[in-house]
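**Q** Build me a structure from this.
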Amino acid sequence: MSIHPTSVVAPTAVVPESCSVGPWCTIGPNVILGDDCELVSHVVLDGHLTAGTRNRFYSFACVGVAPQDLKYRGEPTGAVLGDDNTIRECVTISRGTAGGGGTTRVGSGCLIMAYTHIGHDSIIGDHCLLANGATLAGHVTVEDYATVGALCPVHQFCRIGRHAYIGGGTTITQDVLPFSLTSAKREVHAYSINKVGLERRGFDRERIRAIHHAYRLLLSSRMNIAQAIEALRAEGIQTEDVQYLVDFIGQSDRGIIR
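**A** Below you'll find the model as predicted:
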């Protein structure tokens with residue numbers, strides 16, 4: 001096992017022999033790592049943290065640390081990470097709270113760039129990209145393949161749909177529609193679908209066309225959201241993507257960015 005002599009690893013932590021722990025790292029007593037994880041240097045892993053295989057933690061990342069919540073009183077809450085995540089410099093991922101479900105979750109294949117904060121009880125899906133300085137308050141959900149741009153604050157309990165792309169510096173206070181390209185020029189709007197991202201992920205022309213048609217009704221017509229959804233249903237919803245979009249809107253508690 002490769003553990004630098006300056007690092008402190010609690011005797012009860014689970015660190016497989018295939019892992020590499022660089023200098024000045026701290027691993028708490030309830031941490032469980034999967035195979036082939038790497039801690040570059042000055043990494044803090046704490047709380048009831050379980051991380052899968054091949055995760056890489058860069059310098060000064062703090063994962064599983066106590067939540068920034070005044071109601072937290074040291075309850076044994078935790079955080080769970082999947083496989084193949086890259087956690088860059090100075091990232092903070094708080095563990096959950098008793099009132100919020102108890103667990104913060106990050107999926108697999110995510111790139112979490114420097115200075116990103118993932119607040120307590122948040123749920124991050126698979127293959128997400130959180131750019132430098134993205135700031136997620138507690139209870140935020142980021143679904144699969146979504147991108148949160150640099151310096152984006154996201155309000156508590158907001159939901160970011162699958163394949164959404166949020167431009168840098170955009171303040172998010174409502175739910176972000178799946179497949180959307182959302183940005184702040186003068187005001188925060190969903191401007192179009194994330195066509196480039198969808199093409200890169202293998203969406204064919206017909207699939208994109210169906211999503212685009214739904215967005216024209218939702219964003220560009222003179223109908224309100226309820227009328228647009230009724231129009232889509234009257235036409236007959238032809239694809240799973242459009243059905244998911246309609247369900248996402250129907251399940252929104254904070255309202256959507258239109």
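
**Q** tell me which element His213 is part of?
**A** helix 205-215 (DSSP states H and E).

**Q** Same question for Asp241.
**A** Per DSSP H and E: helix 240-250 holds Asp241.

**Q** Could you pull out the buried residues of that helix?
**A** Neighbour counts over helix 240-250 (16 or more other C-beta atoms under 10 Å) mark Asp241, Val242, Tyr244, Leu245, Val246, Phe248, Ile249 as buried. To be clear about C-beta, it is placed using only N, CA and C from the backbone, and glycine gets the same treatment.

**Q** chain center to it: distance?
**A** Centre-to-centre, helix 240-250 and its host chain are 20 Å apart (C-alpha atoms, centre = their mean, to the nearest Å).

**Q** so where do the helices sit in the protein?
**A** 195-200, 205-215, 225-235, 240-250 (DSSP state H).

**Q** Using PDB, write down the CA coordinates of the second one.
**A** Taking only C-alpha atoms (Å, rounded to 0.1, in the frame of the first residue of the first chain), the coordinates of helix 205-215 have been written out as PDB:
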ATOM      1  CA  ARG A 205     -31.700  13.900 -35.800                       C
ATOM      2  CA  GLU A 206     -35.200  12.600 -35.100                       C
ATOM      3  CA  ARG A 207     -34.700  12.500 -31.400                       C
ATOM      4  CA  ILE A 208     -33.400  16.100 -31.300                       C
ATOM      5  CA  ARG A 209     -36.100  17.300 -33.600                       C
ATOM      6  CA  ALA A 210     -38.800  16.000 -31.200                       C
ATOM      7  CA  ILE A 211     -37.200  17.800 -28.300                       C
ATOM      8  CA  HIS A 212     -36.800  20.900 -30.300                       C
ATOM      9  CA  HIS A 213     -40.500  20.900 -31.300                       C
ATOM     10  CA  ALA A 214     -41.500  20.500 -27.600                       C
ATOM     11  CA  TYR A 215     -39.300  23.500 -26.700                       C
END
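
**Q** How far does stretch 244-255 stretch from one end to the other?
**A** 16 Å (C-alpha to C-alpha, to the nearest Å).

**Q** can you give me how far it is from the chain middle?
**A** The answer for stretch 244-255 is 18 Å, by C-alpha atoms, centre = their mean.

**Q** Next: stretch 226-242.
**A** 28 Å.

**Q** mean confidence for that stretch?
**A** Mean per-residue pLDDT for stretch 226-242: 86.

**Q** cool, and stretch 207-215?
**A** For stretch 207-215, the per-residue pLDDT averages 92.

**Q** contacting residues around Gly250?
**A** By C-beta atoms under 8 Å, 6 or more residues apart in numbering, the contact list for Gly250 reads Ile229.

**Q** Kindly state the pLDDT recorded for it?
**A** 89.

**Q** how about the buried residues of helix 240-250 in TSV, adding distance to Phe179?
**A** Formatted as TSV, the buried residues of helix 240-250 follow (distance: C-beta to C-beta, whole Å):
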residue	distance to Phe179
Asp241	7
Val242	10
Tyr244	9
Leu245	7
Val246	12
Phe248	10
Ile249	12
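
**Q** Output the below-cut-off pLDDT ranges for the stretch 101-250 of the chain.
**A** Low-confidence segments of the stretch 101-250 of the chain (pLDDT under 70): 185-187.

**Q** any chance you could map the strands in it?
**A** Taking DSSP state E, counting those that start in this stretch as the criterion, the stretch 101-250 of the chain contains strands spanning 103-106, 111-112, 117-118, 123-124, 129-130, 135-136, 141-142, 147-148, 153-154, 159-160, 165-166, 180-184, 188-193.
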